[in-house]
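In: Requesting a structural model of the entry that follows:
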Amino acid sequence: MARSMFPLCVCAIATIIFGHDAAAFAPATINVRSATSSARQFSPFTANNASLESGSRTKSSSSALRMSEKSNLPVFLDPGTKGGAIVLSLILFVIPIVIYQVVTGVFGVDEIEAGRDIGVGFSVITMLLWGSTYIFRVATKDMTYAKQLKDYEDAVIAKRLEELDEDEVQALVEDIEREQF
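Out: Numbers count the residues shown, from 1 in each chain. Presented below is the predicted three-dimensional model:
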């Protein structure tokens, strides 16, 4: 078991470091066994895997929507990725140390007093910033529940639209155009 997990661990680490370019390090497919089925092929780097999970069309379309909303930042700077979380954590670890070195070395402040003040100040500032991001996400409705609800509503509307005849769709389009003018 440990030997079969090694390539996947290497692939995961390469993905964290190199982003989606790490697909070259991965095996083309992975055998997945579950209690409900025997074995099926699963490729971790393709967008159509959501349909393997439950076979539902809405799940694959909503995952495709989420994949198209990716950030424009590089993988190691995007806090929504594992690489970005690692880099952000390292930066947040180094900032107080650098500030401490500058305050004690350049300005000659007492080391104990500087350490206490920097520790408390940095903790308070980071907690306020973190809390403000939560308030901002609530205000803009950029939370998980709101996103899931919107995805569900979009999927229901799309499903209902698929079930309509061409004449009914054309009538709806004409009604919408009349309402807009």
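In: Show me which helix or strand of this structure is least confident by mean pLDDT.
Out: Least confident helix or strand, the chain: helix 50-54 with a mean of 40, by mean pLDDT, DSSP states H and E.
In: low-scoring stretches of this protein, by residue?
Out: Along the chain, segments meeting pLDDT under 70 span 1-70.
In: cutoff 90 now
Out: By pLDDT under 90, the low-scoring segments of the chain are 1-80, 137-138, 141-147, 168-169, 171-173, 175-176, 178-181.
In: Go through stretch 112-120 and flag the buried ones.
Out: Buried residues in stretch 112-120, counted by 16 or more other C-beta atoms under 10 Å: 114, 118. Where C-beta positions appear, they are placed from N, C-alpha and C, glycine not excepted.
In: Against which helices or strands is the longest helix along the chain packed?
Out: Criterion DSSP state H: the longest helix present in the chain is helix 111-139. Packing partners of helix 111-139 (3 or more C-beta pairs under 8 Å, 6 or more residues apart in numbering; DSSP states H and E): helix 82-105.
In: Can I get the helix it packs on in PDB, CA atoms only?
Out: Extracted as PDB, the C-alpha positions of helix 82-105 are listed here (Å, rounded to 0.1, in the frame of the first residue of the first chain):
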ATOM      1  CA  LYS A  82      -2.200  24.800  -1.200                       C
ATOM      2  CA  GLY A  83       1.000  26.400  -2.500                       C
ATOM      3  CA  GLY A  84      -0.400  29.900  -1.900                       C
ATOM      4  CA  ALA A  85      -1.400  28.900   1.700                       C
ATOM      5  CA  ILE A  86       2.200  27.700   2.300                       C
ATOM      6  CA  VAL A  87       3.700  30.800   0.900                       C
ATOM      7  CA  LEU A  88       1.300  33.000   2.800                       C
ATOM      8  CA  SER A  89       2.100  31.100   6.000                       C
ATOM      9  CA  LEU A  90       5.800  31.600   5.500                       C
ATOM     10  CA  ILE A  91       5.400  35.300   4.800                       C
ATOM     11  CA  LEU A  92       3.300  35.700   8.000                       C
ATOM     12  CA  PHE A  93       5.900  33.800   9.900                       C
ATOM     13  CA  VAL A  94       8.800  35.900   8.700                       C
ATOM     14  CA  ILE A  95       7.300  39.400   8.900                       C
ATOM     15  CA  PRO A  96       7.300  39.600  12.800                       C
ATOM     16  CA  ILE A  97      10.900  38.300  12.900                       C
ATOM     17  CA  VAL A  98      12.100  40.900  10.400                       C
ATOM     18  CA  ILE A  99      10.200  43.700  12.200                       C
ATOM     19  CA  TYR A 100      11.800  42.500  15.500                       C
ATOM     20  CA  GLN A 101      15.300  42.500  14.000                       C
ATOM     21  CA  VAL A 102      14.800  46.000  12.600                       C
ATOM     22  CA  VAL A 103      13.400  47.400  15.800                       C
ATOM     23  CA  THR A 104      16.100  45.900  18.100                       C
ATOM     24  CA  GLY A 105      19.000  46.300  15.700                       C
END
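In: If anything else comes up later, I'll come back, but that's it for now.
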